[in-house]
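Engineer: dropping the sequence and predicted coords here.
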Amino acid sequence: MSLAAPTFHPVARRLRQATQTRHTQVERSALMQRLLRGQLGRAAYCDWLRDLHTLYSALEDGLAAPAVQQRLAPLLDPALARSHALAQDLTQLHGPDWPTTLQPSPPAQAYARHLHSLGTQPLGLAAHAYVRYLGDLAGGQVLARVVAQSLGLGDGPGLAFYDFGGPERVGALAARFRSGLDQLAHSEAEAQALEDEACAAFDRHGDWFDGRGPA
């Protein structure tokens with residue numbers, strides 16, 4: 001017996017369409033423009049990495065919960081995890097004392113609290129994983145080149161955050177993630193919940209970037 005096709009659009013395409021305007025707004029924020037132009041000095045860049053580590057630690061703590069792992073199994077791949085790589089970069093670029101000498105910004109702390117609040121909501125965590133991980137796999141590869149040049153890192157240490165392997169590996173991880181998204185929603189209500197939280201994730205990124213002030 002064949003099953004009827006769902007009446008809602010595949011989730012990956014739906015999320016991309018729903019968040020497109022917000023995505024563009026975040027990309028055009030002052031902080032992102034300075035980052036993309038290689039205008040962040042090492043200290044400001046380390047502050048940004050510290051914020052990212054705070055967010056990824058909260059996100060990946062939630063994703064590691066057994067119930068979440070089971071529900072999001074089609075989506076998750078250990079190769080996507082970024083908190084350890086961020087810690088490596090911070091140690092390399094700032095020093096081993098970064099956990100105590102660098103403090104996350106208030107907007108990043110607020111975002112992390114929200115992620116912790118989603119601990120019992122796998123689809124909510126999936127929406128934030130969508131915003132972060134696919135961004136890392138796409139635009140993050142561009143940022144790696146900019147950061148390497150602006151900070152004089154070459155191909156050496158300090159760029160672990162952006163390292164997912166070669167281009168083929170990056171493409172395969174992104175394709176698997178999108179395919180996993182399409183398997184998550186079992187109803188229109190679940191698809192809408194993913195869409196709503198993904199939009200909220202971009203809004204929180206906008207608040208975070210704006211709240212950091214001039215970089």
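Structural biologist: Looks like it came in fine. Here the structure is a predicted model, which means the values were calculated and not measured. Numbering: from 1, shown residues only.
Engineer: which neighbouring elements make contact with the lengthiest helix in the chain?
Structural biologist: Under DSSP state H, the helix in the chain containing the largest number of residues is helix 188-211. Contacts defined by 3 or more CB pairs under 8 Å, 6 or more residues apart in numbering; DSSP states H and E place helix 188-211 against helix 11-27, helix 30-36, helix 106-117, helix 122-137. C-beta here means a position set from N, CA and C on the backbone, and glycine is covered the same way.
Engineer: excluding chain neighbours, what is closest to the residue nearest the centre of the chain?
Structural biologist: The residue lying closest to the centre of the chain (CA atoms, centre = their mean) is Arg132, at 1.6 Å. Closest residue to Arg132 apart from its sequence neighbours, by CB to CB, 6 or more residues apart in numbering: Leu59 at 6.6 Å.
Engineer: repeat for Tyr162
Structural biologist: Computed as CB to CB, 6+ apart, the closest residue to Tyr162 that is not its neighbour in sequence is Ala144, at 3.6 Å.
Engineer: how many neighbours does the one you found have?
Structural biologist: By the criterion of other CB atoms under 10 Å, Ala144 has 19 neighbours.
Engineer: identify the residues contacting it.
Structural biologist: For Ala144, the contacting residues are Leu159, Tyr162, Asp163, by CB atoms under 8 Å, 6 or more residues apart in numbering.
Engineer: out of those, who's nearest Leu194?
Structural biologist: Distance ranking of the contacts of Ala144 against Leu194, using CB to CB, places Tyr162 first at 26.0 Å.
Engineer: pLDDT score assigned to the closest one?
Structural biologist: Looking at Tyr162, its pLDDT stands at 95.
Engineer: show me where pLDDT drops low in this structure?
Structural biologist: By pLDDT under 70, the low-scoring segments of the chain are 1-9, 213-215.
Engineer: for the helix or strand where Gly62 lies, buried residues please.
Structural biologist: For Gly62, the host element (DSSP states H and E) is helix 42-63. Neighbour counts over helix 42-63 (16 or more other CB atoms under 10 Å) mark 44-63 as buried.
Engineer: same check on stretch 99-117?
Structural biologist: Leu102, Pro104, Ser105, Pro107, Ala108, Gln109, Tyr111, Ala112, His114, Leu115.
Engineer: what do you get for stretch 74-92?
Structural biologist: When burial is assessed from 16+ other CB under 10 Å, stretch 74-92 yields the following buried residues: 75-76, 80-83, 85-92.
Engineer: in strands, which of those appear?
Structural biologist: Among those, no member falls in strands (DSSP state E).
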